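Peer 1: Mind looking at a prediction? Sequence and model below.
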Amino acid sequence: MQLCLPRKWRGKGITTLSRLPPASRLAHPSTAMRLSCLFVLTACISTVIGWNTFIVPHSPGEDDVPALLEALPDLVENSSIVFQEGLTYNLFSPIKFPKLTNVEVVIEGNLTYATDIASIQGVVSSQNVNYWFVSFAILDRLLLLVVRITFNGGNNVTLRGSTSPNWGWIDAHGQAWWDAEILDRRPNGISFSHITDGVIRDMKIFKPIAHVFATGGSVNLHAFNNRILALSDTDSFPFNTDGFSAGGTNMVFENNFIQNGDDCLTVGDGAKGIVFRDSYCEGGHGLSIGSLGKGGSVANVQNVLIENVTMVNSLYGARFKSWTGGNGLAHNITWRDITFDNIYVTQNYWDQETGPKPNTMNPNNTHVEDFLFENFSGVIRDAPFVEGSCVTDPCWYAVPNATGKEVVIFDLYPDTTSNIRTKNISAKTQTGAPVAVMCDPTTVTNDVGFKCQDGPFVPTASGKESPIE
Ligand SMILES: *[C@@H]1O[C@H](CO)[C@@H](O)[C@H](O)[C@H]1NC(C)=O
Ligand SMILES: *[C@@H]1O[C@H](CO)[C@@H](O)[C@H](O)[C@H]1NC(C)=O
Ligand SMILES: *[C@@H]1O[C@H](CO)[C@@H](O)[C@H](O)[C@H]1NC(C)=O
Ligand SMILES: *[C@@H]1O[C@H](CO)[C@@H](O)[C@H](O)[C@H]1NC(C)=O
Ligand SMILES: *[C@@H]1O[C@H](CO)[C@@H](O)[C@H](O)[C@H]1NC(C)=O
Ligand SMILES: *[C@@H]1O[C@H](CO)[C@@H](O)[C@H](O)[C@H]1NC(C)=O
Ligand SMILES: *[C@@H]1O[C@H](CO)[C@@H](O)[C@H](O)[C@H]1NC(C)=O
Ligand SMILES: *[C@@H]1O[C@H](CO)[C@@H](O)[C@H](O)[C@H]1NC(C)=O
Ligand SMILES: *[C@@H]1O[C@H](CO)[C@@H](O)[C@H](O)[C@H]1NC(C)=O
């Protein structure tokens, strides 16, 4: 049973009209229903035994968001919200979902942002928006970072794209932003926050403007088969196009394909039980924990496993960064089976654009405990190159005294690190020069798997490959 209603319909009290059998459960609305929903100025809700299916209506040339927002109050529970295949929807304003229960949002059509940069910037400042497309939960990333208000944004929520190669793309037209080097009032992509039992699958993001997915505060998340294409067609760099920002608890990210210009994965404060595996990352800055402890804040991350990831043209393979003078603990973090560029662990992250390294007399640091880097192989790009995000001199990523031939850089403070190890690291340099490491023996208390020095990479017995049982 379905209703096709005029666009101005406010949708009160019509969700339990029918007692029809659960013929399709309407995860995939029937063809008949799709056809009857093609009137572009109508909004359609169909209800089968308490399950609502809403086909988002489309008006050529107009913003399609308001019609969805109008219908949302009736779709907060037991609902499918479907952007239909065959249509390119205009996402000219942000979507904020209320708390949802048993809801799937299905993107089978294409979604396009406005191409007019100034209009998007205007919306970002006037509505104080941080994430554009799906702010699941009333959520503002800045607010969360600063105030850390925790609330529940929903239960059993799925965000699903399409497996068709031609449909289901969200096109943010980021290229124009990258070309114009606009860093001001950029909207981020999809915030999937404070959801318990969430799924993000088959999503396809084309040229995002900035960050793509953020999952802060969610619990039990499965994110798989997603694609992010944020490679620039020009010499301009796709700044801050982070792939997945993982916050929250019990999350599995797998089979994702990410081409971007910042961290492929970044695991933030409060994260616990994060698995990221079987994925491809190209063009970005690495598989990262952090940055943690900015401004002396206390940050905690624990139980992270990153495995079987192919890194291509990435500034770093594995990366840990806590701010100079940070606080808190990063504990039980493993990276393994990575083909890479290299490994960089620093408790000394600072913004090199804002001046020299800050005073390190601060007694605190984010402590590092039980880190393992195992089974890495790859080639270090030691022929001189400048990564696209390097727009200052020195580069933001410059490490004092590094030669560019390091497979591992441990930049740590004494008495704040325990049990950081490498094992079965196999690396070559592009030029054939000997592979190097940076490591200060006064900062580590265990055998790190290679001779801890600023100099050649010399594996110790514990760092060599152990036979496979
Ligand atoms: C949603 O569906 C569940 C069963 O799956 C049911 O218990 C609940 O009452 C439904 N909620 C509404 C508002 O219909
Ligand atoms: C969870 O939501 C899906 C739709 O995404 C629905 O099919 C399923 O029945 C829901 N699970 C429960 C336990 O209600
Ligand atoms: C959907 O969007 C993608 C990315 O912009 C584009 O490559 C594709 O051609 C679009 N599909 C259709 C059918 O227009
Ligand atoms: C590693 O990940 C790739 C996808 O990037 C997958 O095809 C392959 O099966 C994975 N290997 C294992 C051992 O799981
Ligand atoms: C370390 O983290 C991994 C990945 O989350 C987890 O499987 C393992 O149980 C943790 N180990 C300990 C000792 O907590
Ligand atoms: C080591 O990693 C490579 C990929 O980098 C993988 O093919 C291989 O199976 C891994 N070895 C083990 C023992 O897991
Ligand atoms: C160091 O950490 C302690 C405990 O968290 C805190 O009380 C103190 O203010 C911190 N010191 C500085 C200089 O940040
Ligand atoms: C050690 O690394 C090599 C090269 O990546 C890989 O082929 C092998 O499987 C690794 N062995 C173990 C035990 O991880
Ligand atoms: C760089 O190397 C020089 C010479 O060995 C040394 O004096 C200096 O302290 C090093 N700088 C850093 C930041 O490690």
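Peer 2: Arrived safely. Ligands and ions are numbered 1, 2, ... in the order given.
Peer 1: Name the residues of the longest helix belonging to the chain that come out as buried.
Peer 2: Determined from DSSP state H, the single longest helix within the chain is helix 117-127. Buried positions in helix 117-127, judged by neighbour count with 16 or more other Cβ atoms under 10 Å: 117, 120, 121, 123, 124. C-betas here are computed from N, CA, C, even on glycine.
Peer 1: Check stretch 211-230 too.
Peer 2: Within stretch 211-230, the residues scored as buried using 16+ other Cβ under 10 Å are 211-230.
Peer 1: quick one: that stretch near ligand 3?
Peer 2: No. Using Cβ under 6 Å from any ligand atom, we find that stretch 211-230 stays clear of ligand 3, coming within 8.2 Å at best.
Peer 1: Just the mean pLDDT for that stretch, thanks.
Peer 2: Averaged across stretch 211-230, the pLDDT comes to 95.
Peer 1: With stretch 454-467 instead?
Peer 2: Mean pLDDT, computed over stretch 454-467, is 91.
Peer 1: Leaving aside the residues adjacent along the chain, what's closest to residue 77?
Peer 2: residue 101 (4.6 Å; Cβ to Cβ, 6 or more residues apart in numbering).
Peer 1: what about that neighbour, which helix or strand?
Peer 2: Using DSSP states H and E, residue 101 sits in strand 100-107.
Peer 1: What are the buried residues along that strand?
Peer 2: For strand 100-107, by 16+ other Cβ under 10 Å, it's 100, 102, 103, 104, 105, 106, 107.
Peer 1: can you list these in TSV and add distance to ligand 3 and pLDDT?
Peer 2: Formatted as TSV, these follow (distance: Cβ to the nearest ligand atom, whole Å; pLDDT from 0 to 100):
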residue	distance to ligand 3	pLDDT
100	26	92
102	29	96
103	24	94
104	21	95
105	18	94
106	15	96
107	11	95
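Peer 1: Please convert those to CSV, extending it with distance to ligand 2.
Peer 2: Shown next, in CSV, are the buried residues of strand 100-107 (distance: Cβ to the nearest ligand atom, whole Å):
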residue, distance to ligand 2
100, 10
102, 4
103, 7
104, 3
105, 9
106, 9
107, 13
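Peer 1: Enumerate every residue touching the residue in the stretch 151-300 of the chain that ligand 1 sits nearest to.
Peer 2: Closest contact between the stretch 151-300 of the chain and ligand 1, by Cβ to the nearest ligand atom, is at residue 156 (9.3 Å). Neighbouring residues of residue 156 by Cβ atoms under 8 Å, 6 or more residues apart in numbering: 101, 102, 103, 196, 197, 198.
Peer 1: For ligand 4, state which of those residues is nearest.
Peer 2: Among the contacts of residue 156, residue 198 lies closest to ligand 4 (Cβ to the nearest ligand atom), at 22.2 Å.
Peer 1: That closest one: what's its closest spatial neighbour, skipping adjacent residues?
Peer 2: residue 221 (4.6 Å).
Peer 1: contacts for the helix or strand harbouring the one you found?
Peer 2: Taking DSSP H and E as the definition, residue 221 sits inside strand 219-224. Residues outside strand 219-224 that contact it (Cβ under 8 Å, 6+ apart): 192, 195-201, 213, 215, 244, 248-256.
Peer 1: can you do 10 Å?
Peer 2: 152, 155-159, 192, 194-203, 213, 215, 244, 246, 248-256, 272-279 (Cβ atoms under 10 Å, 6 or more residues apart in numbering).
Peer 1: When you filter those residues down to buried only, what's left?
Peer 2: The buried subset of these - by 16+ other Cβ under 10 Å - is 155-159, 192, 194-203, 213, 215, 244, 246, 248-251, 253-254, 256, 272-277, 279.
Peer 1: among these, which are within reach of ligand 5?
Peer 2: Okay, of those touching ligand 5 (Cβ under 6 Å from any ligand atom), that's residue 273.
Peer 1: Which ones among the buried ones among the contacts of strand 219-224 map onto helices?
Peer 2: Among those, no member lies in helices (by DSSP H).
Peer 1: So which of the buried ones among the contacts of strand 219-224 belong to strands?
Peer 2: Among the buried ones among the contacts of strand 219-224, the members falling in strands (DSSP state E) are 155-159, 192, 195-201, 213, 244, 246, 249-251, 253-254, 272-277, 279.
Peer 1: Got the phi and psi for the residue found closest to residue 379 once you drop the neighbours it is linked to in the chain?
Peer 2: Setting aside the residues directly before and after it, residue 379 is nearest to residue 428 in space (Cβ to Cβ, 6+ apart), at 5.2 Å. According to degrees, to the nearest 10, the main-chain angles of residue 428 amount to phi -130, psi 160.
Peer 1: next one: the one 3 residues further on
Peer 2: The phi/psi pair for residue 431 (degrees, to the nearest 10) reads phi -80, psi -10.
Peer 1: didn't it look like it was pressed against residue 383?
Peer 2: Yes. Residue 431 lies in contact with residue 383 (Cβ atoms under 10 Å); the separation is 5.7 Å.
Peer 1: Tell me the residues that contact both of these two, please.
Peer 2: Both residue 431 and residue 383 are contacted by residue 404, under the criterion Cβ under 10 Å, 6+ apart.
Peer 1: Looking only at neighbour counts, state which of these two leads.
Peer 2: Neighbour totals were compared for residue 431 and residue 383, and residue 431 leads with 13 against 10 (other Cβ atoms under 10 Å).
Peer 1: closest point of the stretch 301-450 of the chain to ligand 7, which residue?
Peer 2: Taking Cβ to the nearest ligand atom, the stretch 301-450 of the chain has residue 364 as its residue nearest ligand 7, at 3.8 Å.
Peer 1: What sits closest to that residue if chain neighbours are left out?
Peer 2: According to Cβ to Cβ, 6+ apart, the nearest residue to residue 364 is residue 327 (4.6 Å).
Peer 1: try residue 206
Peer 2: That would be residue 171: by Cβ to Cβ, 6+ apart, it lies 4.4 Å from residue 206.
Peer 1: Might one say that residue 323 is in contact with residue 290?
Peer 2: Yes. Between residue 323 and residue 290 there is a contact at 8.1 Å, judged by Cβ under 10 Å.
Peer 1: anything in contact with each of those two?
Peer 2: By Cβ under 10 Å, 6+ apart, the residues touching both residue 323 and residue 290 are 299, 346, 347, 349, 366.
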